[in-house]
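# Next one to model:
(2 chains)
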Amino acid sequence: MRLLLSSLLDFLLPPLLVAAIGVATPAAAETTGDPRTTARRLSSAVIEPAYGDLAAAARRSAEIWESECRGPAPSRERLAVGFVAVATAWWRIEGLRYGPAGEDFRAERIDLWPERRNATTRGLAELVDPAGPEPTAEEIRGRSAAVQGLPALERLIFEGKGPLAPRVCAVGRAIAGNLAAITAEIDSGWRDLAARAGADEATARELTARVVTDLVGEYEALIDGKLGPLGKTIAAARPDGFEGRRAGAERAALAAPLAGLAALTAVLVDGREEGATAMATVATARAIAAGLPEAIGPLAADAGRRSQVVLLRDALRSARDAAIADLPPLVGVSVGFNSRDGD
Amino acid sequence: MTGIDRRRLTAVLAGLAALPFVGRGRASGRAAFASARFGASGAAVALLDADGAESATQALPERGHGLAIAPDGRRLVVVARRPGRWALVLSTDDLAPLARLALPAGRHFYGHGCFSADGQRFFTTENDTDGGDGIVGVWDATAGFERIAEWRSGGVGPHDLALAPDGRRLIVANGGIRTHPDSGRDMLNRDTMQPTLAALSLDDGSVVERVDLGAELRLASIRHLAVAVDGEVVFGCQFEGDKSVMPPLVGAWRPGGGAARLWEMPDAALARLDDYVGSVALDRSGTVVAATSPRGGTTAFFARGSGRFLGLADLADVCGVAAAGDGFLLTSGAAGMRRTGAIGAATRLVDPQPTAARSIWDNHLAAFGDRRQRSAETNRLVKLTV
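So this is what the prediction gives:
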């Protein structure tokens, strides 16, 4: 009876459910090597440089705001260059919520998107009101997350024309300063965490497991969140709802995270054939994203061109499924199923 | 539909021990690594203590969902996740199977069940697959769990349910989502979806009270609930609408006291829940509410009386939650278990403490010996593993 039960279950369950749930089998776990090596490679090849780039871009953006606000006619064009650099650097690594980005609501303070109940609009209106005291970066930190990061800066820079008014510039300078401080905290916090993972096996295993979990979660966020405005049907499309619309960076808001996902996937796969599908599918999604125009919103409601974005959504689903099937066994971790298959 | 073919039931029970997918309960010491035995034994239910040490496991036909413990603590019912058609009654001594609920044609389970206060009846949430109405199945828990009645649940897509503290009413979370087995778990009624909370009389199953969240929040599926000793119902929602709406997801309703209300949270914290609450529980004092979000990898805590948000505790893929000690036990599909300490009026959370267990835990966690069914086994917990 026991043999029959075991054989039946082995036949029926594992091939489907192991793939669906993303569970590392014991055999796979035995071949994954020292978890500290994987953690070190994830950090040194992808995460640490990404957070370093983010902090540097945010610091540079803050300097541009300082410089422009000191001049007689703050230039939106220069501020826009700094903004797109910070946003792109963030989008590349936005999916990683393990570690310092997930603490103290740093990720939400950097990019609370989509906007809820006009919170960014209302918060900014309050800040730019000349009746109130001019805000500082420290003061911004105590306000709603909706006015602490990229969505607020995007509005200040890209809504309106001509040089920024002095008060608007002061608000932007404070927000950019706050953003630089948050990203510096993430940068230094990650280096501390990576050092611990490099020395401690349990921390390394946790880091790798969370990177895989967050990687899968980022696919979900791209499908349901960033491509949410695509709608299930053309009638449900919201062309104005895509992230980065004001900055003309809608494609970048999708392409940058895909670049980050591809980089993480490459480290996790490490050239092994068992990860070929995960590698191929994320490459396909990147190629489709790269072929889109910068303004994706208009495509969503255009019957003739909508299929280009639908194709990207399908490719993201394939890449997600491949990541769930391929990656956990390769690095000896499990990603669980509650977040993807609950009730 | 008030009964089933007795010969068929007898045959099912007689054949229970021979069912290929039901293994024997067994003591397993600290066999807490469910993922390691996944390939060999598939889905299982386990008894464990508050430190994660398992004392018994039992194989299941497939992933189970809700768990209900009889008031005397001697029986446990595990219900299939939707659209499953099985529910097993197990002994809490060793998880040996005692009975299997025989569902009539045209019905499937929606994932949860609960006992009456005297333990003599058992109630399950179900779907009328043809008509789409929500159903509460009524089972005789004294005689092999024979089906004795079925009631309308007061809405569509009933999911979680719980007994009111007076033992005379059943509170049902009608999630509002219509599904059909032919289309799996796909939502068939987005345009007309209307979740409700309903109070049913245990005398005759009539709906004595029902509330919804209003037209603006009709896409907030009310999925899970817990009932406090004073009768207040706390509930958690899963929002099916546009991401930009991001409504509050946790709230309370006092039957007989008017509308249900949702509790506000800071935007950044609410964003972390990612429009999804997977389970809710009260602590032993009944004053603190925990609502888990597996998608957000976090648990939100609230003061029940005021609805004040107290804070978050992160745990990747967290979903199961139950009162434990001064706080809660949280279980995850990817990151093991965590204990929280007391979470009182202060907004500061006690740092979760890791436990030795690291299993792939499924959605729900049930505790022996809560306020209404306290027993000597106050620290024994039961949890599904896969």
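
# Average pLDDT for stretch A:171-182, rounded please.
Across stretch A:171-182, pLDDT averages out at 98.

# show me what contacts the closest residue to chain B within the stretch 201-343 of chain A?
Residue nearest to chain B within the stretch 201-343 of chain A: A:G336 (2.5 Å; Cβ to the nearest Cβ). Backbone N, C-alpha and C define where each C-beta goes, glycine included. A:G336 makes contact with A:I21, A:G22, A:T213, B:P294, B:A316, B:D317, B:S332, B:G333, B:A334, B:A335, B:I360, according to Cβ atoms under 8 Å, 6 or more residues apart in numbering or on different chains.

# swap in A:P130?
A:R167.

# Could you look up the SS state of it?
Of the three states, A:P130 takes coil according to DSSP: H, G, I helix; E, B strand; the rest coil.

# Which single residue of chain B approaches chain A most closely?
B:G333 (2.5 Å).

# can you pull out the helices in the stretch 151-300 of chain A?
A:166-199, A:201-220, A:250-269, A:276-290, A:297-300 (DSSP state H, counting those that start in this stretch).

# Tell me which stretches of the stretch 251-386 of chain B form strands.
Using DSSP state E, counting those that start in this stretch, the strands found in the stretch 251-386 of chain B span residues B:261-262, B:279-282, B:288-293, B:298-303, B:309-314, B:318-324, B:327-332, B:337-339, B:353-354, B:361-367, B:380-385.

# which neighbours does the second one have in its sheet, and in what orientation?
Strand B:279-282 has the following strand partners under DSSP bridges: strand B:288-293 (antiparallel).

# Enumerate every residue touching the residue lying closest to B:V211 once chain neighbours are set aside.
Using Cβ to Cβ, 6 or more residues apart in numbering or on different chains and skipping the chain neighbours, the partner closest in space to B:V211 is B:A260 (4.9 Å). B:A260 is in contact with B:L197, B:V211, B:D212, B:L213, B:V233, B:F235, B:G251, B:A252, B:W253, counting by Cβ under 8 Å, 6+ apart.

# which residues sit in contact with the first one?
Okay, so that is B:L197. B:171-174, B:210-212, B:222, B:225, B:233, B:235, B:253, B:260.

# quick revisit: the residue of chain B closest to chain A and B:D317 touch, don't they?
Yes - using Cβ atoms under 8 Å, B:G333 is in contact with B:D317, at 4.2 Å.

# Who has more neighbours out of these two?
Neighbour count, other Cβ atoms under 10 Å in any protein chain shown: between B:G333 and B:D317, B:G333 has more, with 33 against 30.

# So for the residue of the stretch 201-343 of chain A closest to chain B, what's the nearest residue that isn't a sequence neighbour?
In space, A:G336 is closest to B:G333, 2.5 Å off (Cβ to Cβ, 6+ apart).

# Can you read off the pLDDT for that neighbour?
Taking B:G333 on its own, its pLDDT is 82.

# who are the neighbours in contact with it?
A:21, A:334-339, B:294, B:317, B:319, B:360-362.

# make it 6 Å
Residues near B:G333 by Cβ atoms under 6 Å, 6 or more residues apart in numbering or on different chains: A:G336, A:F337, A:N338, B:D317, B:I360, B:W361.
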